[in-house]
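Peer 1: the following block contains a protein sequence and its predicted model.
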Amino acid sequence: MKRNLDLLSDSEFDVVVIGGGIFAACAACDAAMRGLSVALIEKADFGSGTSANSFKMVHGGIRYLQHADLVRLHQSCRERSALLRTAPHLVQPLPIVIPTYGHGKSGKEYLGAGMLLYDVLTLGRNHGITDPSRRIPWSHFLNRVQVIDLFPDIKKPGLTGAAVFSDGQMYNPTRLTLAFVQSAVEHGAVAANYTEAVTLLRTGDHVQGIKARDVLTGDEFEIRARTVLNAAGPWAEGLVARSPDIPPVPAGTYSRDACFVIKRRTTHPFALAVQGRTFDPDALLSRPARHLFVVPWRNYSLVGVWHVVYHRPPDEVTVTEQDLRGFIDEINWAYPSLNISLDDVLMWNAGLVPFGENEDGSENLSYGKRSHLIDHAREQGIEGLVTLIGIRYTTARGDAARAIDMLAAKLGKGRKRAATDTTPVYGGDIPDFEQLVQEATRNQSLGLSADVMRALVHNYGTEYANVLRYAEQDPLLAETLGDSYVLKAEVLHAVRSEMAMNLADVVFQRTDLATGGNPGRDTLENCARLIGNEFGWSPARIEQEIATVEKRFPSFTSATTADRQSVSALA
């Protein structure tokens, strides 16, 4: 992937996709696979917004059984299956334990009936998934002793056991988004990060492209296109609002979905669901409270998710120390023996997604139901413009296909969809993930550890050899950065082949360096120097890049590099 803005300004496209999150990436991939000429632009880096800040869960729709919403249930299950099938290196099953108490709505009978019904409704969930390790198993039960063996400090009075179901988990959300961008480029799309859509261009009642700005230089130029897909997430409404002669869309309500990473990791792969303090007012059949989750991920655990109606601009999304203290208070109330403190928090993640309609001050919030898909010709008489504001990372592929259906019809291209549900993403043509890891480890001649090779195959899939070539040419690039499994070769690969433009792109979106928080000053300096040598950065620019990255880690915790090293050693 090469950032070439001349290709954007010198061509006319069938569709220009605005945004670089998972919905925009899937849309660009879908359109390109249909044979449309596609431009994809993102004002920051690909996957750096809401998509980077998900809870890393790929939901199969079991929650929608409570709402008797079989449409959403089947859609979510279908999309989870598609990701397990097409990106097996980046998505895998996650077993989730729900403790049972007594014989009411918290008991085995109630949960068991629901899970059995869900299993029956999703009998086709493993269709086309060739790798047995990527298949979603049937739900099952654990007895009381088995639950206590997994979670010795769980609340025991009244405990009867647990119900266990499996959902999906992303190894790396930003690299999954990037894989769809790479797939789009592989099929002919022209993609560019740090390219902002300033306004929509309109002639008569037809949108004919956008005025864009190179964020790195400030230069403005036009991108001509027969249709435009506005898939900029929480920024989408702002683009329409500042475009002259384009009627604004009604402002939506957004939730700041937040979670955090802690320096703990169980010795087993099971996530734990515990009941929080709020309930779902829209559920027809519901347990006494909504669930919070403690989820093993890499060498750490994820804790979340918390939702709050958010009225500030999307560029100002943050989680304060007070917010975190509130989150910690609730999870400690729900699971007292976990006993988390602020010092346990290594990173927080937060992003904006469409929310439901709620009264001011409501405690039990109504969540958003579906992505917003707006045909501006139907709503406002403006031809050639469709807006897609996605609600769940899981449903991005399917919702993007619906958006491209609209645009393809406007272009007179018919409605035959691309096979994005069965075609592997870039690097994802993997019949058996574990077999590929073993082959890659056995065949490499650099003496890299099994852990490093596993991380490489997870992040790059079948394309891992492209990274190793740098190290084969220069053995110094076979060294890892700090206490991570990230090779120096990955940094050069990110800059030369994946359009990384700065240190933050490499640390947060291209590599695992920030997986568990701040990797430390030495690691950031070594990484910045590698990038600086490619771009000709001055010492002052290197310092500036490091400072920018360091500001993104929570400054109000006392977690240190030594803490992270001890966690990694235990995992």
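Peer 2: The structure has been received and is ready for your questions. Remember, predicted model here, so these are calculated numbers, not experimental data. Numbers count the residues shown, from 1 in each chain.

Peer 1: after the helix or strand hosting V240, which helix or strand is next?
Peer 2: Assigned by DSSP states H and E, V240 belongs to helix 236-241. Next helix or strand after helix 236-241 toward the C-terminus (DSSP H and E): strand 254-262.

Peer 1: which residues are in contact with that next one?
Peer 2: With contact meaning Cβ atoms under 8 Å, 6 or more residues apart in numbering, strand 254-262 is reached by 53-55, 234, 297, 300-310, 314, 317, 319, 323-324, 327, 340, 344-355, 365, 367-368, 516-517. No exception for glycine: its C-beta is placed from N, CA and C like everyone else's.

Peer 1: now the buried members of those residues.
Peer 2: 53-55, 234, 297, 300-310, 314, 317, 319, 323-324, 327, 340, 344-355, 365, 367-368, 516-517 (16 or more other Cβ atoms under 10 Å).

Peer 1: how much space separates the closest residue to L176 other than its chain neighbours from I22?
Peer 2: Excluding its sequence neighbours, the residue lying closest to L176 (Cβ to Cβ, 6 or more residues apart in numbering) is L90, at 4.6 Å. L90 is 12 Å from I22, where distance means Cβ to Cβ, to the nearest Å.

Peer 1: overlap in contacts, these two.
Peer 2: L176.

Peer 1: the more surrounded of those two?
Peer 2: Neighbour tally, L90 and I22, criterion other Cβ atoms under 10 Å: the higher count belongs to I22, 33 against 27.

Peer 1: let me see the contact set for that one.
Peer 2: I22 is in contact with G47, S51, P173, L176, T177, F180, G390, Y393, A396, counting by Cβ under 8 Å, 6+ apart.

Peer 1: need the longest helix for this structure.
Peer 2: Longest helix in the chain by number of residues, with DSSP state H as the criterion: helix 70-86.

Peer 1: tell me the mean pLDDT over that helix?
Peer 2: Computed over helix 70-86, the mean pLDDT rounds to 96.

Peer 1: next SSE downstream of that helix?
Peer 2: Of the helices and strands lying after helix 70-86 in sequence (DSSP H and E), the nearest is strand 91-101.

Peer 1: who does that following strand touch, helix- and strand-wise?
Peer 2: For strand 91-101, the elements it packs on are helix 70-86, helix 108-121, helix 144-150, strand 159-170, strand 271-275, strand 291-297, judged by 3 or more Cβ pairs under 8 Å, 6 or more residues apart in numbering; DSSP states H and E.

Peer 1: from the chain's centroid, how far away is that strand?
Peer 2: On the basis of Cα atoms, centre = their mean, to the nearest Å, strand 91-101 sits 20 Å off its chain's mean C-alpha point.

Peer 1: change the start of the numbering to 10 and stick with it
Peer 2: Got it, the first residue is 10 from now on, which makes the last one we talked about strand 100-110.

Peer 1: mind listing what that strand pairs with, with the direction of each?
Peer 2: Sheet pairing for strand 100-110, assigned by DSSP bridges, gives strand 168-179 (antiparallel), strand 280-284 (parallel).

Peer 1: will you turn those strands into TSV that also has mean neighbour count, distance to W147 and mean pLDDT?
Peer 2: Listed next are the strands paired with strand 100-110 as TSV, based on neighbours: other Cβ atoms under 10 Å; distance: least, Cβ to Cβ, whole Å; pLDDT from 0 to 100:
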stretch	mean neighbour count	distance to W147	mean pLDDT
strand 168-179	22	9	96
strand 280-284	21	17	93
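
Peer 1: for those, give me JSON lines that also has distance to I340.
Peer 2: Shown next, in JSON lines, are those (distance: least, Cβ to Cβ, whole Å):
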{"stretch": "strand 168-179", "distance to I340": "18"}
{"stretch": "strand 280-284", "distance to I340": "8"}
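
Peer 1: out of the ones you listed, which gets nearest to R478?
Peer 2: Closest approach to R478 among the strands paired with strand 100-110 is made by strand 168-179 (26.6 Å; Cβ to Cβ).

Peer 1: packing partners of whichever helix or strand comes after that closest one?
Peer 2: Using DSSP H and E, the helix or strand that follows strand 168-179 in sequence is helix 182-195. Counting contacts by 3+ Cβ pairs under 8 Å, 6+ apart, helix 182-195 is packed against helix 31-42, strand 47-50, strand 199-201.

Peer 1: residues of the helix or strand just after the last one that come out buried?
Peer 2: Moving toward the C-terminus from strand 199-201, the next helix or strand (DSSP H and E) is strand 204-212. Going by neighbour count (16+ other Cβ under 10 Å), the buried part of strand 204-212 is T204, E205, A206, V207, T208, L209, L210, R211.

Peer 1: go on, stretch 240-250?
Peer 2: A240, A241, G242, P243, W244, A245, E246, G247, L248, V249.
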